[in-house]
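Colleague: I'd like to go over a predicted model; first the sequence, then the structure.
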Amino acid sequence: MKSQRALLLAGTIGLIAVMGGCGGHDQAIGKDNTDMTRENPLLAEWDGPFGTPPFDQIAPNHYIPAYEKAMAVHKAEIEAIVGNPEAPTFENTIEAYERSGELLSRVDTYVGNQNSAHTNDATQEVVKKMAPILSAHATDISLNPALFERVAAVWARKDTLDLDAEQAMLLKDTYRGFVRNGAQLEGEARGRMRAINEELSNLGVQFSDNLLAEMNAPALVIEKESDLTGLPSDVIAAAAGVASASGLGGKWAFNLQRTSWTPFLTYSERRDLREQLYRAYMNLGSNGNEFDNTEIASRMAALRVERAQLLGYDTHADYVLEERMAETPERVFDLLERVWAPALAAAEKEALDLQAMIDAEGGGFELEPWDWWYYADKVREERYDFDEASVKPYFELNNVLAGTLDVATRLFGITFEERTDIPVYQEDVQVFDVKDVDGSHLAVLYTDYFTRASKRGGAWMNTYREQYKIGGQDVRPLVANHANFSKPVGDDPALLTLDEVRTLFHEFGHALHGILADGTYESLSGTNVYWDFVELPSQMMENWAMHPDVLPTYAKHWETGEPIPQEMIDKLEASSKFNQGFSTTEYVAASLLDMNWHTLTETEKKDALAFEAEVMEEIGMIPSIITRYRTPYFAHVWGGGYASGYYSYLWAEVLDADAFEYFKEKGIFNQELAHSYRENILEPGGSEHPMELYLRFRGQEPSVEPLLERRGFQ
């Protein structure tokens, strides 16, 4: 999930949404009645239900003409602001800038979303071609001296303006955005800033394309059925589907998407094949072929140092964290180190337990990373008489989704009506009309859950239109949730793992942040908040997913319809802290890797793998665990916008653990508290500093103790 304000740092398609405002005035669409506008459905006003995109009419050949037209419109809008003969005011400069670029933002958002969710060669070529062009366009705006002069003039009078909190935040963000993008640079420094932005944009696109190519390629192909020993039937069926999609009919294949390789490592009895697949994952993006990402990551890190220092910051992390709740690298390292020590101690104990299981079976080998999932599953089954395969039949996808929507209804009174008359970009996508308590339209929600070769890995939320207000009209958002669950084969249903259930609830939490947004300005709406706050609503939803009062409402056996037995719920609860040392250690290790890359102070390129090894040795990583993401496939950091920000999941978990304690005290469906949560956390977006919003909801600053308790570290 990306917030629009962070896209500039991502250096990918989506960049313009930051630089020219995030759009807003839909009435401007269609005013230009040129042939291009009439013939290009990406430029014409979207007249589907609720202003939804005509996916069935838009094709990749529309993309570049739409970009060219939209950039010209945006340029004219900026020139109108600069050329305004009236003195700069909040309305004619700050608001005008915020509202500019609506058409370009819409085009850019559409193409970027399609490139993530349902790409093809033509779309990828457009993205590659447009990345440097969009970067140059954005840089032209951010370095426009006349435009910055007007913005600075309004900023200088901020204390004399009668602005509300949201207007004050918009002014602050706008001014600081220009400064942070080099508006005060001169001469050679300004030219160098432009070059760095363009190169980072190109490199970010290339990193993502390389990763997509290697993740979707079969990494392990099995020809003999006897080599499938230990694998559940649904995993075998999914592997047959991967093989068939890769032109390997009659075989079974596993790729490097987590939904493919994780089940194999969990259940396969063939240690040699587990090692083969895991080593393929470990080497993802570092195989010395045309998809190698090691040089790209090293170059991006060096460029980020140079850019930060051009702007007067010591490191890229200092630059990024200025606009985060954490504020400084020191505070991030402090949080990570407070969790790292107890997590590593727990992981070391877990490793001893797994080794004991290996020894008891007469394995005769030392625990390796490719053994962890397999033996952790065995230890959990022995200790709690529970294994994930036994619970999976209770997590049928449609039931889990219905349970997720029901939680939202019970909390906020909102309802979801499936619509089949709204165009979609792929046959598996579902569409819902989200309605408020009074029956009024709140949002459109697209759900896109199955893996396919045209979709990038992972799970995320995005929007095709943010919520905003203009001219007395509340423009409601178009929100999308994506995942990579295995698509069922034949008549079998889609059954989810525990992690996938949490993922669905997690992304729906992001969706609620967008659906319930209630702001004036698009750049401050919904998920456009500080990145170490944006994960609060998503991680908060995970608490309801596994709560014993909620599970029976949606966890129903796909064949019998019987709700999950209380005995199984008790086992889930008892095992909830199992293996937390492992999961926390691999996550915090990745966060520390991110922070070490982005607290570099030298612009010389590092050997990516050697640098990573040094970091892992310095933090004391145990050999049976590797960091959740190694440098060449750390998409959050190099292909996304999480550079110096991967820690934010943990920061937000401190918030969500503390906040859910409040719900447990008052009642998990307490209506008064749910209203406060909606009003103070979900609706305001980035209109105020997130700590102010949290204090208003919680009444006190968050404590780290509930997090440590939840993970069993104290």
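Modeller: Happy to help now that I have it.

Colleague: ok, longest helix in the protein?
Modeller: helix 329-360 (DSSP state H).

Colleague: by contact count, what packs against that one?
Modeller: Counting contacts by 3 or more CB pairs under 8 Å, 6 or more residues apart in numbering; DSSP states H and E, helix 329-360 is packed against helix 316-321, helix 372-384, helix 580-597, helix 648-666, helix 705-710. To be clear about C-beta, it is placed using only N, CA and C from the backbone, and glycine gets the same treatment.

Colleague: can you rerun that using 6 Å?
Modeller: Packing partners of helix 329-360 (3 or more CB pairs under 6 Å, 6 or more residues apart in numbering; DSSP states H and E): helix 372-384, helix 580-597.

Colleague: Could you identify which of those helices is most buried?
Modeller: Of the helices and strands packed on helix 329-360, the one with the most neighbours on average (mean count of other CB atoms under 10 Å) is helix 580-597, at a mean of 23.

Colleague: Quick one: residues in contact with it.
Modeller: Residues external to helix 580-597 that are found in contact with it (CB atoms under 6 Å, 6 or more residues apart in numbering): 301, 332, 336, 339-340, 343-344, 346-347, 350, 615, 619, 621, 625, 627-629, 637, 646-647, 711-712.

Colleague: same question, stretch 693-704
Modeller: With contacts defined as CB under 6 Å, 6+ apart, stretch 693-704 is touched by 654-655, 658, 676, 680-681, 684.

Colleague: The same query, at a cut-off of 10 Å, please.
Modeller: 325, 335, 338-339, 529, 533, 536, 650-659, 661-662, 673, 676-689, 691, 709 (CB atoms under 10 Å, 6 or more residues apart in numbering).

Colleague: Are any of these buried, and if so which?
Modeller: Among the contacts of stretch 693-704, those buried by neighbour count (16 or more other CB atoms under 10 Å) are 325, 335, 338-339, 529, 533, 536, 650-659, 661-662, 673, 676-678, 680-689.

Colleague: returning to that earlier point: what's the closest of the helices and strands packed on helix 329-360 to I515?
Modeller: helix 580-597 (27.7 Å; CB to CB).

Colleague: Give me the buried positions along the very next helix or strand once past the closest one.
Modeller: Remark: after helix 580-597, the chain's next helix or strand is helix 608-619, criterion DSSP states H and E. Neighbour-count burial for helix 608-619, with 16+ other CB under 10 Å as criterion, is recorded at 608, 611-612, 615-616, 619.

Colleague: Show me what helix 608-619 is packed up against.
Modeller: Packed against helix 608-619 by the contact rule (3 or more CB pairs under 10 Å, 6 or more residues apart in numbering; DSSP states H and E) you find helix 294-310, helix 329-360, helix 580-597.

Colleague: what's the helix or strand following that helix packed up against?
Modeller: Remark: after helix 608-619, the chain's next helix or strand is helix 635-638, criterion DSSP H and E. Judged by 3+ CB pairs under 10 Å, 6+ apart, helix 635-638 is in contact with helix 187-216, helix 294-310, helix 580-597.

Colleague: average model confidence for the last one?
Modeller: The pLDDT scores in helix 580-597 average 98.

Colleague: where does this protein have low pLDDT?
Modeller: Filtered on pLDDT under 70, the chain yields the residue ranges 1-38.

Colleague: List the strands paired with the longest strand belonging to the chain, with their directions.
Modeller: Ranked by residue count under DSSP state E, the longest strand found in the chain is strand 441-450. Neighbouring strands of strand 441-450 in its sheet, by DSSP bridges, are strand 430-435 (antiparallel), strand 478-485 (parallel).

Colleague: Just name the most buried of those.
Modeller: Of these, strand 478-485 is the most buried (mean count of other CB under 10 Å), at a mean of 24.

Colleague: That one to helix 187-216, inter-axis angle?
Modeller: Strand 478-485 and helix 187-216 are oriented at 50 degrees to each other (axes from the mean of the first three to the mean of the last three CA atoms, to 10 degrees).

Colleague: tell me which of the buried residues of helix 608-619 is nearest to P423?
Modeller: Comparing the buried residues of helix 608-619 against P423 with CB to CB places A608 closest, at 42.6 Å.

Colleague: is it true that the closest one touches E614?
Modeller: No: taking contacts as CB atoms under 10 Å, A608 lies outside contact range of E614: 11.0 Å.

Colleague: is it fair to say L504 lies in a helix?
Modeller: Yes: per DSSP: H, G, I helix; E, B strand; the rest coil, L504 lies within a helix segment.

Colleague: excluding its backbone neighbours, what's nearest it?
Modeller: Distances taken as CB to CB, 6 or more residues apart in numbering place V400 nearest to L504, at 5.7 Å, with adjacent residues excluded.

Colleague: hmm, back to that, go through the strands paired with strand 441-450 and name the closest to A189.
Modeller: strand 478-485 (39.4 Å).

Colleague: How far away from the center of its chain is that closest one?
Modeller: 10 Å (CA atoms, centre = their mean, to the nearest Å).

Colleague: about what we covered before: in JSON lines: the helices and strands packed on helix 608-619, plus distance to F412.
Modeller: Below are the helices and strands packed on helix 608-619 laid out as JSON lines (distance: least, CB to CB, whole Å):
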{"stretch": "helix 294-310", "distance to F412": "40"}
{"stretch": "helix 329-360", "distance to F412": "31"}
{"stretch": "helix 580-597", "distance to F412": "30"}
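
Colleague: thinking again about what came up before, could the helices and strands packed on helix 329-360 be laid out in a markdown table, adding distance to M169?
Modeller: Formatted as a markdown table, the helices and strands packed on helix 329-360 follow (distance: least, CB to CB, whole Å):
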| stretch | distance to M169 |
| --- | --- |
| helix 372-384 | 45 |
| helix 580-597 | 27 |
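
Colleague: wait, what's in contact with I422?
Modeller: By CB under 10 Å, 6+ apart, I422 lies in contact with 48-50, 52-55, 429-433, 444, 446, 478.

Colleague: Among those, which one sits closest to P88?
Modeller: Taking the contacts of I422 together and measuring to P88 by CB to CB, the closest member is L478, at 33.3 Å.

Colleague: For the closest one, give the beta-bridge partners.
Modeller: In this entry, L478 is beta-bridged to V444, R465, by DSSP bridges.

Colleague: quick one: it and F50 touch, right?
Modeller: Yes: with contact defined as CB under 10 Å, L478 and F50 form a contacting pair (7.3 Å).

Colleague: circling back to that earlier point, and W460, which of the helices and strands packed on helix 329-360 is closest to it?
Modeller: W460 lies closest, by CB to CB, to one member of the helices and strands packed on helix 329-360: helix 580-597, at 17.2 Å.

Colleague: Between helix 608-619 and the closest one, find me the angle.
Modeller: With the same axes, to 10 degrees as the basis, helix 580-597 and helix 608-619 are set at 120 degrees to each other.

Colleague: As a check, name the ranges of all helices in the stretch 451-600 of the chain.
Modeller: Secondary structure of the stretch 451-600 of the chain (DSSP state H, counting those that start in this stretch): helices located at 498-515, 531-545, 551-554, 566-574, 580-597.

Colleague: Adding distance to R176, write these out as CSV.
Modeller: Formatted as CSV, the helices of the stretch 451-600 of the chain follow (distance: least, CB to CB, whole Å):
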stretch, distance to R176
helix 498-515, 23
helix 531-545, 16
helix 551-554, 44
helix 566-574, 46
helix 580-597, 23
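
Colleague: quick one, which of those helices is nearest to I296?
Modeller: helix 580-597 (12.7 Å).

Colleague: surely A239 meets L231?
Modeller: Yes: at 7.6 Å, A239 and L231 qualify as touching, with contact defined as CB under 10 Å.

Colleague: Of the two, which one has the most company?
Modeller: Using other CB atoms under 10 Å, the more surrounded residue of A239 and L231 is A239, with 26 against 23.
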